[in-house]
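Asker: predicted model, plus sequence, below.
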2 protein chains.
Amino acid sequence: MKNNKSFIVSILLITIVTLASFIGSKKGEIVTFDLSIAEDATPAVLARVMQAKTDPLSEVKFEKGTYHFYPDKAFEKFCFISNHDDVMVRTAFPLFDFDGLTIDGQGSTFIFHGPMVPFLVDGSKNVVFKNLSIDWAMSFHSEALVVANDLKKKTFDIKISKEYPYEIRNEQLIFVKEYYEHSIGQSILYDPQRNAIAYDTESYTPLTSINRVAVQRYVNDISYKYKIDPRSPEMKDIGKEQSLRVEELEPGLVRIYNHRKKIPAVGMIFTAKGDQAVNRLAPAFRVTNTIGFDAQNINVHHAGGMGLIAENSENLILDNFNVTPSKGRMVSTTADATHFVGCRGKVVLKNCTFNNQLDDASNIHGTYQEVIDVIDEYTLGVRMGHSQQQGFVIGRTGDKIGLVRIEESFYPYDEITIQSIQPLNGRYQLITFNEKLPATIESGDLIENLDAYPDLLVENCNISGNRARGLLISNPKKSVIKNNYFSTEMEAILVPVESGHWYESGNAVDLTITGNTFQDCTHSGQNRGVIRFVPDDENENIAFKDVLIANNTFNHFDNLVLEIANTENLKFTKNTITNSGTFPMLFPENPAIRIKSSKEIVFEKNEYTGKADVMIETGKSMSDILFQ
Amino acid sequence: MKNNKSFIVSILLITIVTLASFIGSKKGEIVTFDLSIAEDATPAVLARVMQAKTDPLSEVKFEKGTYHFYPDKAFEKFCFISNHDDVMVRTAFPLFDFDGLTIDGQGSTFIFHGPMVPFLVDGSKNVVFKNLSIDWAMSFHSEALVVANDLKKKTFDIKISKEYPYEIRNEQLIFVKEYYEHSIGQSILYDPQRNAIAYDTESYTPLTSINRVAVQRYVNDISYKYKIDPRSPEMKDIGKEQSLRVEELEPGLVRIYNHRKKIPAVGMIFTAKGDQAVNRLAPAFRVTNTIGFDAQNINVHHAGGMGLIAENSENLILDNFNVTPSKGRMVSTTADATHFVGCRGKVVLKNCTFNNQLDDASNIHGTYQEVIDVIDEYTLGVRMGHSQQQGFVIGRTGDKIGLVRIEESFYPYDEITIQSIQPLNGRYQLITFNEKLPATIESGDLIENLDAYPDLLVENCNISGNRARGLLISNPKKSVIKNNYFSTEMEAILVPVESGHWYESGNAVDLTITGNTFQDCTHSGQNRGVIRFVPDDENENIAFKDVLIANNTFNHFDNLVLEIANTENLKFTKNTITNSGTFPMLFPENPAIRIKSSKEIVFEKNEYTGKADVMIETGKSMSDILFQ
């Protein structure tokens, strides 16, 4: 009963310290929580948030300090989260249908325990988060130092600290957390000297953890009436078994056998986050259907997923929103720092640091949904292509939908507008349009929402130390990437058309990349340009238009800085390209620039002091282009 | 596009064949579907059901035939299902908020594919299901014939037919289904000669599939602020590994190693349904918050869970509702045939056959929920004790709640009434009462809903061949069990108080067991009575009252027919007890009747021709009772 009493006392204290001042408040109370709730802030915060329907809130402040949030008494809701697992979310902040709300940590740190989504924002307007650090008591990934290896026997030994409890089940290493566990699954090496992904990690990682099963009977006789997704959670394990095995040499020292790539070097930090289909369950911010989202002076030190995932929202401004590791960890968030799906209005990332997360710093795209059924003259049955897009609603009434047949054109062949959407299940929805469907529409066509792309500005950000890309931009609206610092293991900027795996829609039109420094990107072993344009269909059609790459510095250890495909009107000017000498070159035979299936590509006033023997390599059907 | 067209044609046909007759219909259309939709009936049926909000339905008929239902285009909803897993349910029949609806199969068979709930009924009144058989294309369990064994090496070999596709992953046997798979997990033997659970199966099964891990580091250092449930899906695997290993000898022939109990005999059917925490996902009928549910002439041949799970519903009458295996399978449903939680009014099972399901024929109980927090003078924070009770709402406004402290009394120490319930998450809810909470209430007390028990009648049913009990009755209202035939491997009738594992509330008051035949029950090896009363706390308090057991025939291969504990006023009269000789006796040293901590127990006018040396064995504090 002691806990109950202290809980009641907390509630009373909150009431007492509540500032009933309505100055500056549009339509609600300003509440200040103090440290009396710090042991588990969930019940008190949740009670006040849920009371807001009848007793409006305009601001929630926290006396500066450290607050713990446990899931046990949290609000729970099943959520389809784009580019994450679809899970029962627990949160102390179910911020639904607010109009004007500020959460001000006043410099506080919130420590979360187990699978929780710190902030679940839906259907709101003008929400502001500021002056807050977010971390977890136990991480959703695990780290261990490589302390020995045997290149002949192809084993390596890792030292696991008490921060990462583990057990060995049937020779498999399992890391156990609060209310969560993970296997090795997805893994990568960090270089603790550089506090970044290890050079050439692709030669070593991910660990080759899967074999095909040797025995499988009658499984292929199972007949499915409809298209299946072998990567979906319910089918992903078919035909696969674990190939690694581990052995404990002494407490905290584990030997890993059966890795088929290069054996990790002593001194590297081995990081693992478990099976891909189940390891994205707790992003720090989840924002949907919201207009006006500001985050200022926020530190996200960790998340079991992304730092921020925003869907179908409008005008999102992140200023000094930093994703950085804490507590000596190599890894910050276990997926992208930020990610925007179907967002419109302005999306701004400025003065942000995105370090050491296990996926892109940002990914901006829409969704392609596949036409399955033409139900009637106005109605389509559409399918979500990737299991992590399940439940995604492509737009709202009146939105302009493009009909796309990728193999014919990267741009829509027709446009119609949404009347209504009826999601039947995570994979399948009925969409009714205001106009009659064109007679030519057929199963396999894709739809994308042409209104649900943003004006994008990424300015003055530091993007480094992370796995994967810096920016992944699939945005046919204006995008400006300005004065940023990139040091990423894959492309600094990837501009794709991606319709067959992730079903992330969009291309690029009106893209400006200027004033940035690209320091030793693509160092992990993939043969790709620092900036790369790539559609996923091999043809001569134009996918990307009107690109300016100007006044950037490429301080690159390797040759290939720019890969262009299917692009029209790209100007590359006043850029400085040098060879940094930081690492041994991985692909010294590469040109500096590779171009195919493109036109109106211009280079002028650039300065090159790199090591490429060939400056520009062009595709067969193209004439030579001069590097100037 | 062909499929789309046939779909449109189907819709048109439905419209044409729709009988617009409103004769006998209270408030809606009578729709008849014909076989044009049989290939996948989901889209057409779902469309009409969902349209019912604006275009009411009173009856849905099906031209007699076989209809397939696929999940791909089904309606989806996350459901907490009592005594099942909490899952995303897909269904073609989301029957929400109907008032007066009949589903008449007219003799049709519905074949479901993958994880679906055929009928999801919520918040409705007067719904009737009739003349319908339900089956699945692929079962959620698997069966294989034991064809060889080696008692020295402790292995046995099973022959797996093409009906049960499988693969071997890391020496583990995995059965693969449409959109589903299962490991060996829970297993039991069937005797194909008797078409029933094998005699003495407890000596052989379940297979001993789990070992403690040998290596576990720092896991016990994880500190949890609140009570945890080691059996919950998120924690169940901690500290455990698979102990069995399998090897394929030839296609379809698999050898199983490392079983530690007796090795299954050649000729038995080995059945397996996978891990307990994930194998109850697709009951045939799921009924919640519904008043008036009739099922007539229904055959449930299979389900990945129960035949019917009803919660918080009232007046449920099952007449000729039969759970029986199809297609030569040993197993019908993979869990209980029927199960009623928190139901009230009448619950009637008559003229039913409940054969070969993998759990009880019926289980009737409420829930105990644990008091965790006293939030204020009127409000409790309560916790669901078992993970399969997550999300269960204990009652509605005005319901009488008993406050229970089991170690002091099996009956409530006080009563209060519900004002409102706010579920925060699956485990934790806030309940506000109309009355002030008693000052004596404390954490660890239980609550039960005293209004949410039914008048129960089970009459003229055949309950046999199944795993587990016949009837599990935790019902402090009138229960009549009359003229049934029981042949079950565990108790025919179990009357418990169960507050610490499943948290299934209730005891027994006013229970009549009459005119039944008990044929060779408890034959699987557990030392228990055919009828058994048992509380879960060892004390002298009365748990069960006013029981009449009369005019029954116990045709039993073993001695122990009746176990009584903590019972007051039980009369056992005009019963006939014989020894059947069907099987070798398992516990020949047993008395016929065992009694402890009870009073007013009377035996008269019974006929005994069994083999027990001792007729009645009484507990220490009791005086001798005469068997007459």
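Answerer: On my side now, so go ahead. This one's a predicted model, so the numbers in the text were calculated from it and none came from an experiment.

Asker: shaky segments in chain A?
Answerer: Residues of chain A that meet the criterion pLDDT under 70 lie in A:1-26.

Asker: please see if stretch A:239-257 touches chain B.
Answerer: Yes - interface with chain B: stretch A:239-257 contributes A:G239, A:K240, A:E241, A:Q242, A:E248, A:P251, A:G252 (Cβ under 8 Å from any Cβ of the partner chain). In this view, the C-beta of every residue, glycine as well, is placed from N, C-alpha and C.

Asker: first to last residue in that stretch, what's the distance?
Answerer: 21 Å (Cα to Cα, to the nearest Å).

Asker: buried stuff in that stretch?
Answerer: A:239, A:241-246, A:248, A:252-256 (16 or more other Cβ atoms under 10 Å in any protein chain shown).

Asker: nearest to A:I188, of the residues of stretch A:239-257 next to chain B?
Answerer: Ranked by distance to A:I188 (Cβ to Cβ), the residues of stretch A:239-257 next to chain B are led by A:Q242 at 18.3 Å.

Asker: quick check: bridge partners of that closest one?
Answerer: Judged by DSSP bridges, the bridge partners of A:Q242 are A:I210.

Asker: residues in contact with it?
Answerer: Contacts of A:Q242 were listed using Cβ atoms under 8 Å, 6 or more residues apart in numbering or on different chains, and they are A:Q172, A:S183, A:S209, A:I210, A:N211, B:R169, B:N170.

Asker: gap between the fourth one and chain B?
Answerer: A:I210 sits 10 Å away from chain B, taking Cβ to the nearest Cβ, to the nearest Å as the criterion.

Asker: kindly report the same for the first one.
Answerer: For A:Q172, the distance to chain B equals 8 Å [Cβ to the nearest Cβ].

Asker: all helices for chain A, in order.
Answerer: Here chain A has its helices, by DSSP state H, at A:2-17, A:42-50.

Asker: biggest separation within the buried residues of stretch A:239-257, which pair?
Answerer: The two members of the buried residues of stretch A:239-257 with the most space between them (Cβ to Cβ) are A:G239 and A:G252, at 34.5 Å.

Asker: list the contacts for the residue most central in space within chain A?
Answerer: Of all residues in chain A, the one closest to the mean position by Cα atoms, centre = their mean is A:D336, 2.9 Å from it. Neighbouring residues of A:D336 by Cβ under 8 Å, 6+ apart: A:N83, A:M306, A:G307, A:I309, A:Q357, A:D359, A:D360, A:A361, A:S362, A:N363, A:A468.

Asker: A:E178 against A:S139, yeah?
Answerer: No - when contacts are counted by Cβ atoms under 8 Å, A:E178 is not listed as touching A:S139 (10.3 Å).

Asker: ok, the residue nearest to A:V393 when sequence neighbours are not counted - contacts?
Answerer: Spatial nearest neighbour of A:V393, chain neighbours left out: A:I421 (5.5 Å); criterion: Cβ to Cβ, 6 or more residues apart in numbering or on different chains. By Cβ under 8 Å, 6+ apart, A:I421 lies in contact with A:V393, A:I394, A:G395, A:Q429, A:L430, A:I431, A:T432.

Asker: and A:I421, how close does it get to chain B?
Answerer: 14 Å.

Asker: return the residues of the stretch 301-450 of chain A in contact with chain B.
Answerer: Counting by Cβ under 8 Å from any Cβ, the stretch 301-450 of chain A sits next to chain B at A:373-376, A:381, A:422, A:424-428, A:442-443.

Asker: ChimeraX command for the buried members of the residues you listed?
Answerer: The ChimeraX selection below is limited to those of these classed as buried (16+ other Cβ under 10 Å):
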select /A:373,374,375,381,424,425,426,427,428,443
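
Asker: which of the residues of the stretch 301-450 of chain A next to chain B fall within strands?
Answerer: Using DSSP state E, A:D373, A:V374, A:I375, A:D376, A:G381, A:Q422, A:Y428 are the members of these that sit in strands.

Asker: quick one on the thing from earlier: quick one, which of A:E178 and A:S139 is more surrounded?
Answerer: A:S139 (28 against 22; other Cβ atoms under 10 Å in any protein chain shown).

Asker: surely the more buried one is in contact with A:R329?
Answerer: Yes - contact status for A:S139 versus A:R329: in contact at 6.5 Å, counting by Cβ under 8 Å.

Asker: got any residues that touch both of the two?
Answerer: Residues touching both A:S139 and A:R329 (Cβ under 8 Å, 6+ apart) are A:H302.

Asker: before we move on, back to that, what is the most widely separated pair among the contacts of A:I421?
Answerer: Across these (Cβ to Cβ), the longest gap, 14.0 Å, separates A:G395 and A:L430.
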